[in-house]
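Asker: pasting the sequence and the predicted coordinates here, then a few questions.
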Amino acid sequence: MSSNLPIPCAIRNLPCQISAKQPVPQVKIEVNGDKDREKRTFTTGDLIEGNAIISVTREMDLGHVDITFEGTSTTSASRAVSFVPGRRKASHKFLRVRKPIDNLQETHLVPGQLYKFPFSFLVPEGISPQQCDHSTKDAEVEQAHTQLPPTFESQTSRFWQSTSGGWAPKACRISYKIRVAISEKSQATSTPRSKLCDVSRSLRIMPAARTAKCPEYSAQYLVHGRQSECRSMGRTLGNLQVAAEEPRPIQISSTTTWLNNVSTSAVQLHLAFDSTANAPPPQLCKLRSKLEVATYYGTSPWEDYPTTEDMECSNTDREACVTTTPLQSLDLTSIQWEKLPTFYSTAKDLADAASVSSSETSSPPSYTVSVTVPVNLPEEQALVPTFHSCLVSRTYAIDLALSYHVPSAICKSTLNLRIPLEVVFGSTKSGESE
């Protein structure tokens, strides 16, 4: 990428730490493309370029100017020991790229002048393995922890302009910023004094699509299924089986209002009914879907992918925030089952019919049907990509509730299925989500 191309950014100034003893330099951090409203997000491989502009109200000699690109996770959670009050806190600086300016061209600063110090940083694909030096269950978890996480902040952050809760809980945060620290040279010893000014400016980072395995179904990632026994009046009529194909990832892209353009997806359901008493298949009624958004965070590093089940039996310094949003509701009453030929009726064309016993030819029938469930997320839903870091994870899932009615049964029955959903930023690389 050419260094001459302006890179826009959604950023904000934070005030200097003003000393009451003496005037401090005024620092303004400018990022190329600040006035460009067409793009407010940096992603993997983008170049962040700009200038730190310094002005002073009195003459001073610069001792040091340090410009860094930083990424930090902060979390808090209830203490594992119930009788200890308060919350435990943790902070993890997983990214710090430094651009030192050691050979200062102008060290003597005077009022009325503006002094520019350029910077340039490349958004990396991941973080250093040394920043994830804790033990993990396997190499896959370690690899997930070294991928760059997205900017992840609470509803009060200016990076969200949404009314639907995909943002971070207040107890956890992942932030990126350009930071400028300035020290003054001591007149007596010609060495830098303590820090005079420390200014930072926030960035919104959304790493490019790089799908990660959804943890809760690692043993059967491609197809997930549930089985329910259909009964009526104390009699077993058959087994209803439902299998779901993994839906394609939801792709999000940034807009000028910091909301997301969200792609659509779909869950393909395959239903089968094996009759045990020549009973007809159940009448399908409704299919309701919900989006589940789960955030897991703690004050100690995760050694495995976090799951809701693990959190229910955990008493460590870890917490989960799970929210749901209703999606589509489908009427399935008009769907017709397809009767499958039995094994022995199919074999008639291949074997002598006389050799097949009468009990075998009257084997109970099976039925099948497929249903496509669209996944259309609300436009106002604030989403970040699925990610797993040392202290924070974000996952998504589609919860399905299939209601059906068994002939001669008094009440309807419901079968629930939970399908993990991957959310990625930008276009997926070829072959990763196919």
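Answerer: Looks like it arrived, so ask away.
Asker: please count neighbours and contacts with C-alpha atoms only from this point.
Answerer: OK.
Asker: pull the number of nearby residues for residue 333.
Answerer: 11 (other CA atoms under 10 Å).
Asker: do the same with the one 5 residues further on
Answerer: Using other CA under 10 Å, residue 338 is surrounded by 14 other residues.
Asker: does it touch residue 370 like I think?
Answerer: No: contact criterion CA atoms under 8 Å: residue 338 and residue 370 do not qualify, at 9.6 Å.
Asker: quick one: pLDDT of residue 292?
Answerer: Residue 292 is assigned a predicted lDDT (pLDDT) of 92.
Asker: hang on, residue 130 in a helix?
Answerer: Yes: residue state for residue 130 (DSSP: H, G, I helix; E, B strand; the rest coil) corresponds to a helix.
Asker: from residue 70, how far off is residue 208?
Answerer: Per CA to CA, to the nearest Å, residue 208 is found 18 Å from residue 70.
Asker: residue 403: what's it in contact with?
Answerer: By CA atoms under 8 Å, 6 or more residues apart in numbering, the residues touching residue 403 are 284-287, 412-415.
Asker: in strands, which of these appear?
Answerer: 284-287, 413-415 (DSSP state E).
Asker: lowest-confidence member of these, which is it?
Answerer: For the ones in strands among the contacts of residue 403, the least confident entry is residue 413, with 85.
Asker: is that one in a bridge, and if so with what?
Answerer: residue 404 (DSSP bridges).
Asker: how close does it sit to residue 295?
Answerer: 31 Å.
Asker: about what we covered before: turn the ones in strands among the contacts of residue 403 into TSV, including neighbour count and distance to residue 310.
Answerer: Below are the ones in strands among the contacts of residue 403 laid out as TSV (neighbours: other CA atoms under 10 Å; distance: CA to CA, whole Å):
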residue	neighbour count	distance to residue 310
284	20	33
285	18	33
286	16	31
287	20	28
413	18	28
414	16	25
415	16	23
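Asker: got the residue ranges for the helices in the stretch 151-300 of the chain?
Answerer: In the stretch 151-300 of the chain, no segments count as helices under DSSP state H, counting those that start in this stretch.
Asker: got it, and the stretch 301-434 of the chain?
Answerer: Using DSSP H, counting those that start in this stretch, helices in the stretch 301-434 of the chain cover 308-312, 343-347, 358-361.
Asker: what does stretch 173-190 rub up against?
Answerer: With CA under 8 Å, 6+ apart as the criterion, stretch 173-190 contacts 29, 52, 60-75, 149-154, 191-205.
Asker: sorry, slip of the keys, the one I care about is stretch 320-331.
Answerer: Under CA under 8 Å, 6+ apart, the answer for stretch 320-331 is 165, 169, 285-297, 308, 311, 373-377.
Asker: what's the burial count for residue 337?
Answerer: 19.
Asker: ah, wrong one, I meant residue 54
Answerer: That count, for residue 54 with other CA under 10 Å as the rule, works out to 17.
Asker: what about it, distance to residue 203?
Answerer: 20 Å.
Asker: most widely separated two among the contacts of residue 403?
Answerer: 287 and 412 (12.7 Å; CA to CA).
Asker: isn't residue 116 up against residue 50?
Answerer: No: contact criterion CA under 8 Å: residue 116 and residue 50 do not qualify, at 9.5 Å.
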